[in-house]
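In: Attaching a predicted model along with its sequence, questions to come.
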Amino acid sequence: MEQRAFLAVVLMAAILVIYQIFLVPTHEQAPPSPDTRQQESPVIDRSSPAAPTPGTATLPTPVPAEAIGPQRLTKVSTPLYETAVSSDGGKLQELTLNYRGKKPMIVLGELGPTGLLIGQAGTSTARLVAMQPDTDTVTLGPDQPSRDLTLSGTQDGLRVRQTLTFRTDSYAIESRIRVENTTKTSRAVTVSLPWSSRQDWRDEKLKERFQGQHPTEIVWGTNGHVVREDNLCLVQPVSTTGSWIGLGSVWYMAALIPHSGQFKLVVQGEDKACEAKSMEPVGRATIALQAAPEIPAGQAWEGRATIFVGPKEYDRLKALGLESAINFGGFPVPRKWGGLPMEWLGVPILLLMNWVYRHVGNYGIAIILLTVVSKVLFYPLTVKSMRSMKAMQALQPQMNSLRNKYKSDPQRLQRETMDLYRQHKVNPVGGCLPMLAQVPIFYALYLALSNAVELQGAEFLCAGWLAPLAAVLRWFKMHWVHDLWICNLADADPLYVLPLLMGITMFFQQKMTPTTGDPRQAKMMLVMPFIFTFMFLNLPAGLVLYWTVSNVLQILQQWSMDRPRTRAARAA
């Protein structure tokens, strides 16, 4: 019984869900070391050498800063984001991205940095450093592309200075820390820069506020690998050397990148049950950079790090050595083979899509052109697959005759069937193998579109003049209708037009595909469009657009190949 076409359809369905279930790897290639061209040599750096393998995290418990006056906030405004820097530890008390709308990345008490912590080595607590900023406002623009904000303070005989550098063209904030020992004895201290998040994000109100910004994983680069923990409720304590560490979601992340000062990467979670019914915070997951210098009397220690808070745009991440934070996963091959890193295919496709967008100005059109290019590249394989399936269809009457003749002798039936294939020079798997060769590209396209933050808020066919109709629909409790029609390629189609078109085109594609097996099997295949339509209802419109256009092109290819045979039949 021939099952090639049926298996091909099932395989296409499987690649949509197998990534979520089986393919997220625990290790990926680590990014290159961060750019160190602007590193400054510290006055003294006598930190204890960090262990080469992960150990137990030793992040101290934060203690409020000693009050030296009312808290001061320095408002920072750049074209890319707006933030407020607190005098308590120099922490970013709020930060909102100007990216496809306003995207809050910090919520006080829920998500964000704790601030600069300094404590005595060997103790379980560290105090926020109370500092005073040198200005109350920082505004960047074309006339001022960068600006330093300096905060200074003292704590237990230590003179502390933190300098934050903001730039108009970057989401990265450079932090330079100087701790000077003004006492007459050597001091062993811990210097920590933590960033924490609540472990449980089930509160629907919070999810509405963030729309994808709330962290769903901790990821860090160390020892030539990228390590991921995608369940914040299962965070295990880690303290290790590495090149960066971050809290991220699919599209956004906050990352800490050490440059000097012998910083360790620290991961720590609170041992609280995430299964709690209460919507109150049930625990915190924390990442941090932590150093443990010993500072002689009258001398100083300096450390430098970069804080990145922004969207996962590939080019921006690569400039900071964070490109491996985008999780493209691996292709479904046996684990003993090591898997196929899908960034090999996903990254070129993502870059090509962005390149096309820069020329056409619409991501929907870019996706359509990308789909056309993929179909053109695989056209020879598609033709070979179609011809093989037509050859198998031509042999169908003889195969049915063999089945009836040898229905009580399966072994004889198999031998006679293979002889029939050899006699007519037909490869029984010829229709399937060319299709299998295309699956990695289809899967890479799926991953690239799933991970592309550029699609957030990207319009395709957004009819602004239909906004009143959308308002009326929402008035009738259809709150899922925000815009008409496709005003955000990262969201599902609010009217389900694209999923329905995808199902209809898939149905016609199945009807046009030559049937080479059991008629009952062909009827089963006709059920697949309905299954796919249901699966695609809540997928991003960009993905559904790709699949719909791919179906249309497949129908056109099939029609062009069937046309000569139709003409010949009419002539006869």
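Out: All right, it came through fine.
In: In contact with the closest residue to Ile295 other than its chain neighbours, which residues?
Out: Leaving out its chain neighbours, the residue that sits closest to Ile295 by Cβ to Cβ, 6 or more residues apart in numbering is Asn181, at 4.2 Å. In short, each C-beta sits where N, CA and C put it, glycine included. By Cβ atoms under 8 Å, 6 or more residues apart in numbering, the contact set of Asn181 is Gly157, Leu158, Arg187, Ile295, Pro296, Ala297, Gly298, Gln299, Ala300.
In: at 6 Å what do you get?
Out: Residues in contact with Asn181, defined by Cβ atoms under 6 Å, 6 or more residues apart in numbering, are Arg187, Ile295, Ala297.
In: mind checking how far it is from Trp301?
Out: Computed with Cβ to Cβ, to the nearest Å, the distance linking Asn181 and Trp301 is 8 Å.
In: same thing with Ser249?
Out: 34 Å.
In: quick one, which of the two is more surrounded?
Out: Taking other Cβ atoms under 10 Å, Ser249 and Trp301 do not tie; Trp301 has more neighbours (26 against 18).
In: does the more buried one belong to a helix or a strand, and which?
Out: Assessed by DSSP states H and E, Trp301 sits inside strand 300-311.
In: Format the CA atom coordinates belonging to that strand as PDB.
Out: Provided in PDB are the C-alpha atoms of strand 300-311 (Å, rounded to 0.1, in the frame of the first residue of the first chain):
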ATOM      1  CA  ALA A 300      40.300  50.700  44.200                       C
ATOM      2  CA  TRP A 301      38.600  48.000  42.200                       C
ATOM      3  CA  GLU A 302      36.900  48.600  38.900                       C
ATOM      4  CA  GLY A 303      34.500  46.500  36.900                       C
ATOM      5  CA  ARG A 304      32.600  47.100  33.600                       C
ATOM      6  CA  ALA A 305      29.500  45.500  32.200                       C
ATOM      7  CA  THR A 306      26.800  46.100  29.600                       C
ATOM      8  CA  ILE A 307      23.100  46.000  30.400                       C
ATOM      9  CA  PHE A 308      20.900  45.200  27.400                       C
ATOM     10  CA  VAL A 309      17.100  45.600  27.500                       C
ATOM     11  CA  GLY A 310      15.400  45.400  24.200                       C
ATOM     12  CA  PRO A 311      13.900  43.300  21.400                       C
END
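In: Going forward, count from 11.
Out: Renumbered: residue one is now 11, and that last one reads strand 310-321.
In: how far out from the middle of the chain is that strand?
Out: Offset of strand 310-321 from its chain centre (Cα atoms, centre = their mean, to the nearest Å): 23 Å.
In: and what of stretch 305-322?
Out: Remark: stretch 305-322 is offset 28 Å from the chain centroid, using Cα atoms, centre = their mean.
In: Quick one: mean pLDDT over the helix or strand hosting Leu275.
Out: Using DSSP H and E, Leu275 falls within strand 274-279. For strand 274-279, the mean per-residue pLDDT is 91.
In: And that strand, what does it pack against?
Out: Helices and strands touching strand 274-279, by 3 or more Cβ pairs under 6 Å, 6 or more residues apart in numbering; DSSP states H and E, are strand 248-250, strand 294-301.
In: Can you list which of the contacts of Asn191 are found in strands?
Out: If you go by DSSP state E, these have Arg197, Ile305 in strands.
In: For ChimeraX, what selects the buried ones among the contacts of Asn191?
Out: Of those, the buried ones can be selected in ChimeraX as follows, counting by 16 or more other Cβ atoms under 10 Å:
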select :197,305
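In: Which of the contacts of Asn191 sits closest to Pro114?
Out: Ile305 (37.5 Å; Cβ to Cβ).
In: For Leu566, see how far away the closest one is.
Out: 72 Å.
In: And the pLDDT at the nearest residue to Leu355 once chain neighbours are set aside?
Out: Leaving aside its chain neighbours, Leu355 sits nearest to Ala454 (3.5 Å; criterion: Cβ to Cβ, 6+ apart). pLDDT recorded at Ala454 is 75.
In: Phi first, then psi, for Ala454.
Out: Torsion angles at Ala454 (phi, psi; degrees, to the nearest 10) stand at phi -60, psi -40.
In: That one: how many residues sit nearby?
Out: 24.
In: so where do the strands sit in the stretch 211-360 of the chain?
Out: 227-232, 235-239, 248-250, 254-258, 262-270, 274-279, 294-301, 304-305, 310-321, 340-341, 350-351 (DSSP state E, counting those that start in this stretch).
In: JSON lines please, covering these and showing distance to Val148.
Out: Output for the strands of the stretch 211-360 of the chain, formatted as JSON lines (distance: least, Cβ to Cβ, whole Å):
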{"stretch": "strand 227-232", "distance to Val148": "30"}
{"stretch": "strand 235-239", "distance to Val148": "34"}
{"stretch": "strand 248-250", "distance to Val148": "34"}
{"stretch": "strand 254-258", "distance to Val148": "25"}
{"stretch": "strand 262-270", "distance to Val148": "20"}
{"stretch": "strand 274-279", "distance to Val148": "29"}
{"stretch": "strand 294-301", "distance to Val148": "23"}
{"stretch": "strand 304-305", "distance to Val148": "30"}
{"stretch": "strand 310-321", "distance to Val148": "15"}
{"stretch": "strand 340-341", "distance to Val148": "43"}
{"stretch": "strand 350-351", "distance to Val148": "41"}
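In: least reliable of those strands going by mean pLDDT?
Out: strand 340-341 (a mean of 59).
In: Out of the contacts of Asn191, flag the one nearest to Gln408.
Out: Closest approach between those and Gln408, by Cβ to Cβ: Ile305, at 88.4 Å.
In: Now do the contacts for the closest one.
Out: By Cβ under 6 Å, 6+ apart, the contact list for Ile305 reads Asn191, Arg197, Trp311.
In: Could you check how far it is from Gly313?
Out: The spacing between Ile305 and Gly313, counted by Cβ to Cβ, is 12 Å.
In: just Glu92 next, same as before
Out: Applying Cβ to Cβ to Glu92 and Gly313 gives a distance of 27 Å.
In: Looking at the two now, which is surrounded by more residues?
Out: A side-by-side neighbour count of Glu92 and Gly313, using other Cβ under 10 Å, places Gly313 first with 24 against 15.
In: Quick check: the closest residue to that one other than its chain neighbours vs Arg368, distance?
Out: In this structure, Gly313 finds its nearest non-sequential neighbour in Gly271, 2.4 Å apart by Cβ to Cβ, 6+ apart. Gly271 is 39 Å from Arg368, where distance means Cβ to Cβ.
In: likewise Thr84?
Out: As judged by Cβ to Cβ, Thr84 and Arg368 stand 36 Å apart.
In: Could you check which of these two has the larger neighbour count?
Out: Each of Thr84 and Arg368 has its neighbours counted (other Cβ under 10 Å); Thr84 has more, 20 against 8.
In: what is the more buried one paired to in the beta sheet?
Out: Beta-bridge partners for Thr84, by DSSP bridges, are Val95.
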